[in-house]
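S.K.: pasting a predicted model and its sequence here:
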Amino acid sequence: MEKRRCSWAEGAEPLYQAYHDLEWGRPTHDDRELFEMLCLEGAQAGLSWITILRRRENYRKAFAGFHPEKIIHFDEAKVAALKQDAGIIRNELKIRSVIKNAKAFLNVQAEFATFDTYAWQFVGGETIYHDFASHEQVPNFTKEAEAMSKDMRKRGFSFVGPTICYAFMQATGMVNDHTQDCFLYHK
């Protein structure tokens, strides 16, 4: 018998299904992985998630494995090269956002010891489990995502609106929005 998935992943290509099955909604506490997901969610703004998933390895190569301590040294020549990189979304604002966010990320790490401590405070340190029957019931953002967005913007992050922050929370398991008919739904 085939597994039932959230409707957005049902019948999707294997890459999308693997992301749903192995990553989405699973708690992540590794700072580098959190930074990667924050950057990828920002890159996704206005696009479909599969567009970013297909380019994920290219993003890892282009942005030094999402190591913020390396990204903060990207200069104008590097930005110009990234704008020519067909393996990523060549939007200059999104490219510059990764560099800007790397600096803000390191500042947060300095203040909170880890970005993980900072990010997870918005959900009280534990995954929020929702009880949605269908994907249509899942909101675009929540009060927790709004609070995260507001605080991150104040700290100098960009491409961190409430919708992006909520997608980031879902992707990193701060929120578990697997629907009731999904095999990953919490019982």
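M.R.: Alright, I've got the coordinates. Numbering: from 1, shown residues only.
S.K.: so for stretch 136-151, what's the average pLDDT?
M.R.: Averaging pLDDT along stretch 136-151 yields 96.
S.K.: likewise stretch 30-45?
M.R.: 97.
S.K.: please identify the buried residues of it?
M.R.: Across stretch 30-45, burial judged by 16 or more other Cβ atoms under 10 Å covers 31, 33-45. From N, CA and C alone the C-beta is placed, and that goes for glycine too.
S.K.: count the neighbours of Ala167 for me.
M.R.: Here the count is done by other Cβ atoms under 10 Å, and Ala167 has 24 residues near it.
S.K.: likewise for Gly173?
M.R.: With neighbours defined by other Cβ under 10 Å, the count for Gly173 comes to 18.
S.K.: and the gap between Phe74 and Phe105?
M.R.: Taking Cβ to Cβ, to the nearest Å as the measure, Phe74 falls 14 Å from Phe105.
S.K.: neighbour count winner among those two?
M.R.: Taking other Cβ under 10 Å, Phe74 and Phe105 do not tie; Phe105 has more neighbours (28 against 19).
S.K.: how about low-confidence regions in the chain?
M.R.: Applying pLDDT under 70 to the chain flags residues 1, 187.
S.K.: ok, now with 90
M.R.: 1-3, 10-13, 186-187 (pLDDT under 90).
S.K.: in it, which spans are helices?
M.R.: 14-22, 31-44, 49-62, 68-71, 76-83, 92-112, 115-120, 143-154, 162-171 (DSSP state H).
S.K.: I'd like those helices as a markdown table, with distance to Asp177 appended.
M.R.: Shown next, in a markdown table, are these (distance: least, Cβ to Cβ, whole Å):
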| stretch | distance to Asp177 |
| --- | --- |
| helix 14-22 | 11 |
| helix 31-44 | 14 |
| helix 49-62 | 14 |
| helix 68-71 | 27 |
| helix 76-83 | 32 |
| helix 92-112 | 24 |
| helix 115-120 | 17 |
| helix 143-154 | 12 |
| helix 162-171 | 5 |
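S.K.: out of those, which comes closest to Leu184?
M.R.: helix 14-22 (7.2 Å; Cβ to Cβ).
S.K.: can you pull the buried residues of the closest one?
M.R.: Using 16+ other Cβ under 10 Å as the test for burial, helix 14-22 gives Tyr16, Tyr19, His20, Asp21.
S.K.: which of the residues you listed lies closest to Arg153?
M.R.: Tyr19 (27.2 Å).
S.K.: I'd guessed the closest one sits against Ile52; true?
M.R.: No. The criterion here is Cβ atoms under 8 Å, and Tyr19 misses it with Ile52 at 10.0 Å.
S.K.: neighbouring contacts of stretch 48-62?
M.R.: 12-13, 15-16, 19, 36, 39-40, 43-44, 66, 82, 85, 87-89 (Cβ atoms under 8 Å, 6 or more residues apart in numbering).
S.K.: tell me which two of these sit farthest apart.
M.R.: Across these (Cβ to Cβ), the longest gap, 28.6 Å, separates Ala12 and Leu82.
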